[in-house]
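> quick one: sequence plus predicted model below, questions after.
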Amino acid sequence: MGPPGVRVPTKENTINATRKGIAAVGCAAFIATTATACGTAGDLSAGAKVQRALDRLGEQKAVTVSVGFDGGEQQLWSALKGSDGFTRADAKMLAGLDVSLSVSAAGPLKDIKDVKAEGASVALRVSLGRDGDLLEIRSLSGKEAYLRVDVQQFLSLADDLGSAQSKGDLKGFRKFLDAADELPSSYKSVKDALGGKWISVDPAAFQEFSRSMAAAGPAGSPLPDTPQLDAGTQERITKALRRALERNARFADAGGKDGADIVKVTVPAGKTADALADALEPLADQLPEGVAPSDLKDVPDKDVTVDVAVKDGTLSGISLDLDQFDSGDEIHGALPLTVGFAPDAAPVAAPAGATPLNPQDVMGAMMQFMMGGMDE
């Protein structure tokens, strides 16, 4: 939980690397769904294997998807060294970065069309390796939300990766954090939040609080600002991507690894991205801010290969080398990204001992700090 208006500061090339990873994950997942692509008999056999694996994954009631770079600090440093502003600290951060998303529901996940409307529960965890969890959020059926943030690690990350301006922006928050122990006992929920403990929030209460603070916007909520696409837009995007891929994807069996069957999926990235950009153009106004169909025009005009792992008949992982997406000289070697799937995941549940956080407590604590009265 950071101060109003302040986001985790990162250097632009770090953001670019992460954005490439997120984009690649999305492409890889959808590529895997195009198992009905036309091709040789071998392609159809391999594609059918992937399709069955995806069907079995969709039959689960709970799944956890994890994303991370499959390489150590040295490999990431070698691959991205020389990029504008990229440092050892960036390499260390990316090497330890582990993001997982868990989804659970009362019935098969394949039947979920709208997570919010159909009562599915979602958990997001962001970890930085041995430093532990940076952030974890759990939303139960869209009605209850739980959050914990390692504020000290957030500040340490800001010191390592932030610009001089962003570090200056955090000075006031550091003072507030240092004085948090002096907050009256009535602000226990705020103290717990700043101390990295679990807190519970009422999403509706915080949304109302944000609306009452017109200028505050997303900063009035302790939850990240995550614009939601409506179910209809999501479905249109998915169909557009499938149409762009289904005539181009090629599937081939590639042996086994760690007890899983590997299927290589190859797609002409430039051609597919252009087709997708054209299909998404009518939806441009409905996409999140900063996302535009024209961005897809930068995808290199070459084949991109993704390895899909199938274990015990179920999708278990996707891996790809982000170097394939480099159209210039930004990446100097293999930059492997992996996406793991755990179909036997436990349902998303409320954490024990969470302290309810009232939006008025946050404002009250900030006002008391600004007035210099932190004593009982």
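Yes, it's here. Numbers count the residues shown, from 1 in each chain.

> and the strands in this protein, which stretches?
With strands called from DSSP state E, the chain shows them at 62-69, 97-104, 121-128, 133-140, 144-149, 199-201, 250-257, 260-268, 303-311, 314-321, 336-342, 355-356.

> A48: which of those strands is closest?
strand 250-257 (8.6 Å; C-beta to C-beta). The way it works is simple: take the backbone N, C-alpha and C, and place the C-beta from them, glycine included.

> using PDB, write down the CA coordinates of the closest one.
Extracted C-alpha coordinates of strand 250-257, given in PDB (Å, rounded to 0.1, in the frame of the first residue of the first chain):
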ATOM      1  CA  ARG A 250       1.500 -25.100 -36.700                       C
ATOM      2  CA  PHE A 251       1.800 -27.900 -34.200                       C
ATOM      3  CA  ALA A 252       4.500 -30.600 -33.800                       C
ATOM      4  CA  ASP A 253       5.400 -33.200 -31.200                       C
ATOM      5  CA  ALA A 254       8.800 -32.500 -29.600                       C
ATOM      6  CA  GLY A 255       9.400 -35.400 -27.300                       C
ATOM      7  CA  GLY A 256       9.200 -35.300 -23.500                       C
ATOM      8  CA  LYS A 257      10.800 -33.300 -20.600                       C
END
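
> relative to strand 303-311, how tilted is it?
Here strand 250-257 points in a direction 50 degrees away from that of strand 303-311 (axes from the mean of the first three to the mean of the last three C-alpha atoms, to 10 degrees).

> pLDDT of strand 250-257, averaged?
Mean pLDDT, computed over strand 250-257, is 91.

> that strand vs strand 314-321, what angle?
100 degrees.

> what strands line up against strand 250-257, and which way round?
strand 260-268 (antiparallel) (DSSP bridges).

> hmm, who's touching the partner strand?
27, 31-32, 34, 46-47, 49-50, 245, 248-256, 301-311, 316-317 (C-beta atoms under 8 Å, 6 or more residues apart in numbering).

> separate out the buried members of those.
27, 31-32, 34, 46-47, 49-50, 245, 248-252, 254, 304-311, 316-317 (16 or more other C-beta atoms under 10 Å).

> out of the helices and strands in the protein, which is least certain?
One helix or strand of the chain scores below all others by mean pLDDT, DSSP states H and E: helix 12-32, with a mean of 44.

> for K143, list the residues it contacts.
P203.

> actually, S319.
Contacts of S319 by C-beta under 8 Å, 6+ apart are 70, 306-307, 309, 336-339.

> same thing with D326?
The neighbours of D326, taking C-beta under 8 Å, 6+ apart as the test, are P300.

> from T305, how far off is it?
D326 sits 14 Å away from T305, taking C-beta to C-beta, to the nearest Å as the criterion.

> ok, now which ones touch L280?
237, 240, 287, 293, 296.

> let's see that with 7 Å instead.
By C-beta atoms under 7 Å, 6 or more residues apart in numbering, the residues touching L280 are 237, 240, 293.

> also A342?
So A342 contacts 63-64 (C-beta under 7 Å, 6+ apart).

> can you tell me the closest non-neighbouring residue to G333?
A79 (4.5 Å; C-beta to C-beta, 6 or more residues apart in numbering).

> run through the stretch 151-300 of the chain and note the low-pLDDT ranges.
Within the stretch 151-300 of the chain, the stretches with pLDDT under 70 are 160-169, 172, 207-234, 238, 245-246, 288-290.

> pretty sure Q153 is touching D133, no?
No. Between Q153 and D133 there is no contact under C-beta atoms under 7 Å: 8.5 Å.

> okay, the strands of the chain in a markdown table with distance to R174 next?
Compiled in a markdown table, the strands of the chain are given as follows (distance: least, C-beta to C-beta, whole Å):
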| stretch | distance to R174 |
| --- | --- |
| strand 62-69 | 30 |
| strand 97-104 | 24 |
| strand 121-128 | 20 |
| strand 133-140 | 17 |
| strand 144-149 | 15 |
| strand 199-201 | 20 |
| strand 250-257 | 47 |
| strand 260-268 | 47 |
| strand 303-311 | 43 |
| strand 314-321 | 39 |
| strand 336-342 | 34 |
| strand 355-356 | 23 |
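
> of all those, which lies closest to D55?
Of all the strands of the chain, strand 314-321 sits nearest to D55, with 9.2 Å by C-beta to C-beta.

> mind listing the helices for the stretch 51-200 of the chain?
73-80, 88-96, 151-161, 164-169, 171-178, 188-194 (DSSP state H, counting those that start in this stretch).

> just tell me which of these ends up closest to G107.
helix 188-194 (34.0 Å).

> helices or strands next to the closest one in the packing?
strand 199-201, strand 355-356, helix 359-370 (3 or more C-beta pairs under 7 Å, 6 or more residues apart in numbering; DSSP states H and E).

> pretty sure P356 contacts S200?
Yes. With contact defined as C-beta under 7 Å, P356 counts as touching S200 (5.1 Å).

> out of the contacts of S319, which comes closest to K110?
Once C-beta to C-beta is applied, the member of those that ends up nearest K110 is V339, at 18.4 Å.
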